[in-house]
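Participant: Below are the sequence and a predicted model for it; my questions follow.
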Amino acid sequence: MRALLILHEGFEEIEAIAPLDLLRRAGIEVITASLTHATAVRGSQGLTVIADATLDDVKEDLFDCLIIPGGSGYRNSEENPTVIALVQKHAKAGKLLAAICAAPCVLATAGVLPKNYTAHPFVEKRLTHIQPVNVVKDGRVITSRGPGTAIDFSLKIIESLLPGYKIDKMADGLCFKDQ
């Protein structure tokens, strides 16, 4: 299993680091990719992450899952033609798409946002049917509300990619309990 985690300038750190960490703990290879030619990407709270690759390096690859965090710079992903093409290519191939916070807007721009989804209330003027729950899975798309739901989001991705994986055991090891 391989996942691609897109890092745009201004990404929300928790929304990127939680899935990166938890998917790797589950044995899923996660490649982080910067939208620019630089691999150092600064998050919305000032944390700089060194991406594994640039988007140009991996844009021809097909991954089992494409993950897009939100954050103050989510429009950097939404306005990037390569990101939109990647989202569409992965959707057409039946791959898992995962977007958190404002990133469901990227899926909407790509024309692949399903009927049932959630997102951060900040974007409710753009995405008018946001469900007020932590995580929604509709077909091959997982959406989540924001930084506080990043662990739920990550566990749902793992559960979807690795059916039968001991999610409860991982959650217990993290001292995380579903509320």
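Facilitator: That came through fine.

Participant: This protein: helices as residue ranges?
Facilitator: Remark: helices assigned in the chain by DSSP state H are 13-25, 55-58, 74-78, 81-92, 104-110, 150-161, 167-173.

Participant: what would the ones you listed look like in TSV with mean pLDDT and distance to Asn116?
Facilitator: All C-beta spots, glycine's among them, are computed from the backbone N, C-alpha and C. TSV is the format used below for the helices of the chain (pLDDT from 0 to 100; distance: least, C-beta to C-beta, whole Å):
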stretch	mean pLDDT	distance to Asn116
helix 13-25	97	20
helix 55-58	97	28
helix 74-78	94	20
helix 81-92	98	15
helix 104-110	98	11
helix 150-161	97	13
helix 167-173	85	21
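
Participant: would you turn the ones you listed into TSV with mean neighbour count?
Facilitator: Listed next are the helices of the chain as TSV, based on neighbours: other C-beta atoms under 10 Å:
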stretch	mean neighbour count
helix 13-25	21
helix 55-58	17
helix 74-78	23
helix 81-92	18
helix 104-110	23
helix 150-161	23
helix 167-173	13
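
Participant: For stretch 125-137, buried residues please.
Facilitator: For stretch 125-137, the neighbour count (16 or more other C-beta atoms under 10 Å) marks 127, 130, 134-137 as buried.

Participant: Columns distance to Cys65 on top of the helices of the chain, output as a markdown table?
Facilitator: Converted to a markdown table, these look like this (distance: least, C-beta to C-beta, whole Å):
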| stretch | distance to Cys65 |
| --- | --- |
| helix 13-25 | 8 |
| helix 55-58 | 13 |
| helix 74-78 | 16 |
| helix 81-92 | 8 |
| helix 104-110 | 13 |
| helix 150-161 | 6 |
| helix 167-173 | 16 |
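
Participant: Of all those, which one is nearest Thr48?
Facilitator: helix 13-25 (9.8 Å; C-beta to C-beta).

Participant: And the closest one, what does it pack against?
Facilitator: The helices and strands touching helix 13-25, judged by 3 or more C-beta pairs under 8 Å, 6 or more residues apart in numbering; DSSP states H and E, are strand 2-7, strand 29-34, strand 48-50, helix 150-161.

Participant: Present those as TSV; the columns should include distance to Ala85.
Facilitator: Output for these, formatted as TSV (distance: least, C-beta to C-beta, whole Å):
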stretch	distance to Ala85
strand 2-7	12
strand 29-34	14
strand 48-50	23
helix 150-161	22
